[in-house]
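In: this is the structure alone, sequence omitted:
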């Protein structure tokens, strides 16, 4: 945690960068970064042109902007970031999706509880809501204020308040005098993830209290949250982008429409898979012609059996999230590989088969195995020109290798 002096200096720098001189310094720093000017030369020029009190932080924020640009796009050059704030910032496209769903029922006022650098506040304000952004961290409040102003957003109020106290005082479906709420508990402390929800800030008790008191709300939680913790009547959603889990959400009872939801952004399109009740486990059978690797949102949401039913597929093992079927599929929920060989796991035997097939390079995938993929790739490297996918897993509780053709692949 930053000291009072460090916080005061960060606030001074942010305010300096929000002035016309600061804007000019940021623009100049961006130009120097674009031309790949070395750090020493760039800082010397910025200090000479704008003075060290503006030049130094301009370089730091310009570097953060370059990291933020792929996610924040055209807004990037109007926003201010610190390193910590950018690490915690959510993706604007996800915030916009959350805002649209939260406001679909007509809520006009929203409390952003734990606003960080203001990503959700911006999305909610752009969607037409009046937003009360709340955070105890003065740097977070300053970033949210300055970023909302830089984007020309009105109807944003920033408050210093204790979220635990605000939620405890919620009544008549409102919190902080707002009809709806977004809560993003801090899930890191001293640079480490806090795995126990009771250790989040605010803690799990505040999460459940908000879900009970304010029907129109959404809470961001850790993707690894135990399903047993999800309260009755609350929809749990897992979201993936590009084949990786990016967030998990609990939707208040006034917004929930299903039991579990898996959501995926693939090639610029949203896909959703839902279940109104636990689908249970998919059946288990021997490996067939096709192997299907479910999207992580499907696995985390507990909807593997739902996908299996859609594909007429079975699990290769009761404990392993690989599916198998007789037919190929264009489902967005799986990556598929045609299986050419199934054999017991033995490096020498796999290497001999690859040499026989003229395969010199492999991609190794694994589930339910302690093998290190990078090490196995080196062990299986040969002289052939071909390429294959080697899947190391368990099939009916037996350590097994599946040799597969490379996926034709759909864009992520």
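Out: That came in fine, so what should we check first? Only a predicted model underlies this, so the values are computations on that prediction, with no experimental measurement involved.
In: got any ranges where the stretch 301-412 of the chain has weak pLDDT?
Out: Along the stretch 301-412 of the chain, the model assigns pLDDT under 70 to residues 408-412.
In: ranges for the strands of the stretch 301-412 of the chain?
Out: All strands of the stretch 301-412 of the chain, identified by DSSP state E, counting those that start in this stretch, fall at 314-317, 320-325, 334-344, 359-366, 386-395, 398-404.
In: any idea which helix or strand carries the residue most central in space within the chain?
Out: Among the residues of the chain, the one closest to the centroid is residue 246, at 1.7 Å (C-alpha atoms, centre = their mean). Applying DSSP states H and E as the criterion places residue 246 in strand 244-251.
In: who are the packing partners of that strand?
Out: On a contact count with 3 or more C-beta pairs under 8 Å, 6 or more residues apart in numbering; DSSP states H and E, strand 244-251 meets helix 92-103, strand 217-221, strand 235-241, helix 296-301. To be clear about C-beta, it is placed using only N, CA and C from the backbone, and glycine gets the same treatment.
In: let's see that with 7 Å instead.
Out: The contact analysis (3 or more C-beta pairs under 7 Å, 6 or more residues apart in numbering; DSSP states H and E) places strand 244-251 against strand 217-221, strand 235-241, helix 296-301.
In: didn't the residue nearest to the centre of the chain look like it was pressed against residue 240?
Out: Yes. Counting by C-beta atoms under 7 Å, residue 246 does reach residue 240; the two are 6.4 Å apart.
In: the stretch 1-150 of the chain: helices as residue ranges?
Out: Taking DSSP state H, counting those that start in this stretch, the helices of the stretch 1-150 of the chain run over residues 4-17, 20-34, 39-50, 52-72, 83-88, 92-103, 119-126, 138-150.
In: now the angle between helix 138-150 and the first one, please.
Out: With axes from the mean of the first three to the mean of the last three C-alpha atoms, to 10 degrees as the criterion, the two stretches helix 4-17 and helix 138-150 enclose an angle of 10 degrees.
In: can you name the element that comes right after the strand holding residue 246?
Out: Sequence order places strand 260-266 as the next helix or strand after strand 244-251, per DSSP H and E.
In: list the helices and strands the next helix or strand after that following strand packs on?
Out: Of the helices and strands lying after strand 260-266 in sequence (DSSP H and E), the nearest is strand 269-275. Secondary-structure packing of strand 269-275 (3+ C-beta pairs under 7 Å, 6+ apart): strand 260-266.
In: got the angle for the strand it packs on vs strand 269-275?
Out: Relative orientation of strand 260-266 and strand 269-275, computed by the same axes, to 10 degrees: 160 degrees.
In: please compute how far strand 260-266 lies from its chain's middle.
Out: Counting by C-alpha atoms, centre = their mean, to the nearest Å, strand 260-266 is centred 12 Å from the centre of its parent chain.
In: and if you look at stretch 384-397?
Out: 29 Å.
In: so for that stretch, what gets flagged as buried?
Out: Of the residues in stretch 384-397, 388-395 count as buried by neighbour count, 16 or more other C-beta atoms under 10 Å.
In: from residue 54, how far out is residue 321?
Out: 52 Å (C-beta to C-beta, to the nearest Å).
In: just residue 315 next, same as before
Out: Remark: distance between residue 315 and residue 54 (C-beta to C-beta) = 60 Å.
In: burial measure for the closest residue to residue 103 other than its chain neighbours, as a count.
Out: Spatial nearest neighbour of residue 103, excluding adjacent residues (C-beta to C-beta, 6 or more residues apart in numbering): residue 127 at 5.4 Å. Neighbourhood size, residue 127 [other C-beta atoms under 10 Å]: 18.
In: just the pLDDT at residue 127, thanks.
Out: Per-residue confidence (pLDDT) for residue 127: 97.
In: please renumber so the chain begins at 52
Out: Got it, the first residue is 52 from now on, which makes the last one we talked about residue 178.
In: list the buried residues in stretch 416-436.
Out: For stretch 416-436, a neighbour-count test (16+ other C-beta under 10 Å) marks 416, 418-420, 422, 427, 431 as buried.
In: which residues are contacting stretch 132-139?
Out: Contacts to stretch 132-139, defined as C-beta atoms under 7 Å, 6 or more residues apart in numbering, come from residues 61, 112, 115-116, 118-119, 167-168, 190-191, 194.
In: just the buried ones from the residues you listed, in ChimeraX syntax?
Out: Buried residues among those (16+ other C-beta under 10 Å), as a ChimeraX selection:
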select :61,112,115,116,119,167,168,190,191,194
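In: and the contacts of stretch 132-139, which is closest to residue 394?
Out: Distance to residue 394, by C-beta to C-beta, is smallest for residue 118 among the contacts of stretch 132-139, at 44.4 Å.
In: relative to residue 70, how far out is that closest one?
Out: On the measure of C-beta to C-beta, residue 118 and residue 70 end up 23 Å apart.
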